[in-house]
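In: Just the structure for this:
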Amino acid sequence: MATFMSLSDAIAANVRDGDTIAMEGFTHLIPYAAGHEVIRQKRQDLTLIRMTPDILYDQLIGMGQVKKLVFSWAGNPGVGSLHRMREAVESGWPRKLEIEEHSHAAMANAFEAGAANLPFAVFRGYKGVDLPKVNPRIKSVTCPYTGEVLATVPAVRPDVSIIHALRADREGNVLLEGIVGVQKEAVLAAKRSVITVEEIVDDFGPRNANAVILPSWTVGAVVKVPGGAHPSYAQGYYKRDNAFYIAWDAIARDRATFLKWMEENVMSKGPEAFAAHARRFAVAAA
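Out: Numbering: from 1, shown residues only. Presented below is the predicted three-dimensional model:
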């Protein structure tokens, strides 16, 4: 059941050393504030799962907290490589990073399977491609009804999933709208969940056609963190900070510059910094 908590308490109660964690969000509603709290609390030996790891995972990897990454695409969207991830893979700094690469279709199906409490996902895919040659967890099964050979991947079942959403009501129900990605499936597949939101309301009011509501009994900790998705965007609250994504390329290229930036902007600051970002990038609600 949903429990309203502070961000520091929510991460302390739900994220442990050695956990497998999914921090989901597809361009929209990436849970930066919560991810930064994981960094501040120095959780170690993490396995991170995400369809499209970008700057947030680059930061966690660069701080030496990640031992393995499960993903289907990685990069600084519209800019280039993730330099901290790349150095961890190629040079082992600050620690060697194990990677498990999939296709988008495989990851989406794996989240669906986890949400349905199934052991693996079955789908049509991985035909004529090389990923199965380098990822032994990609296997196949023969349909007992048609004889068709289908691809399989293990279900995604995180210890904890962390997402950012638009609103929660007083009972702990959570609303997402806009590009929703696999946030719903990530929460339903996880043993525990932390959900940060822009605001807590009495009623959700009019909703878009693609709105997703997570009932309170499906979620764990709920935390009000205005601006908690910055530098990504929250529909109706603030826009994407494109300048930051561009600036990150230079910040992340050099170890010393990266560590200095993290100390000044993450280790020494809390969720209130995200509220300030939200005010800077606020737009009129739709």
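In: Hmm, Ala121 is touching Thr152, no?
Out: Yes - judged on CB atoms under 8 Å, Ala121 makes contact with Thr152 at a distance of 6.5 Å. Where you see a C-beta, it was placed from the backbone N, CA and C, and this is true even at glycine.
In: So which residues of the stretch 51-200 of the chain form strands?
Out: Counting by DSSP state E, counting those that start in this stretch, one finds strands in the stretch 51-200 of the chain at the ranges 66-71, 98-101, 120-123, 139-142, 149-154, 160-169, 174-176, 192-201.
In: so of the ones you listed, which one's packed in deepest?
Out: strand 160-169 (a mean of 27; mean count of other CB atoms under 10 Å).
In: Just the angle for that strand relative to strand 192-201, thanks.
Out: Strand 160-169 and strand 192-201 are oriented at 20 degrees to each other (axes from the mean of the first three to the mean of the last three CA atoms, to 10 degrees).
In: and strand 160-169, what other elements does it pack with?
Out: Identification of packing neighbours for strand 160-169 by 3 or more CB pairs under 8 Å, 6 or more residues apart in numbering; DSSP states H and E yields strand 20-23, helix 32-40, strand 174-176, helix 183-189, strand 192-201.
In: buried stuff in stretch 212-229?
Out: Neighbour-count burial for stretch 212-229, counted by 16 or more other CB atoms under 10 Å, picks out 212-214, 216, 218-229.
In: Nearest to Ala190 among those?
Out: Gly220 (8.3 Å; CB to CB).
In: What does the pLDDT read for the closest residue to that closest one other than its chain neighbours?
Out: Nearest non-adjacent residue to Gly220, counting by CB to CB, 6 or more residues apart in numbering: Ser193, 4.3 Å away. pLDDT for Ser193: 98.
In: Okay, domains of the chain per the record?
Out: Listed domain ranges for the chain are 3-102+157-280, 104-154 (source: automatic domain parsing).
In: ok so, going back, ok, the residue nearest to Gly220 touching His164?
Out: No - using CB under 8 Å, Ser193 is not in contact with His164; the gap is 11.9 Å.
In: returning to what we had before: okay if I get the helices and strands packed on strand 160-169 as CSV plus distance to Gly128?
Out: Output for the helices and strands packed on strand 160-169, formatted as CSV (distance: least, CB to CB, whole Å):
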stretch, distance to Gly128
strand 20-23, 29
helix 32-40, 36
strand 174-176, 35
helix 183-189, 27
strand 192-201, 37
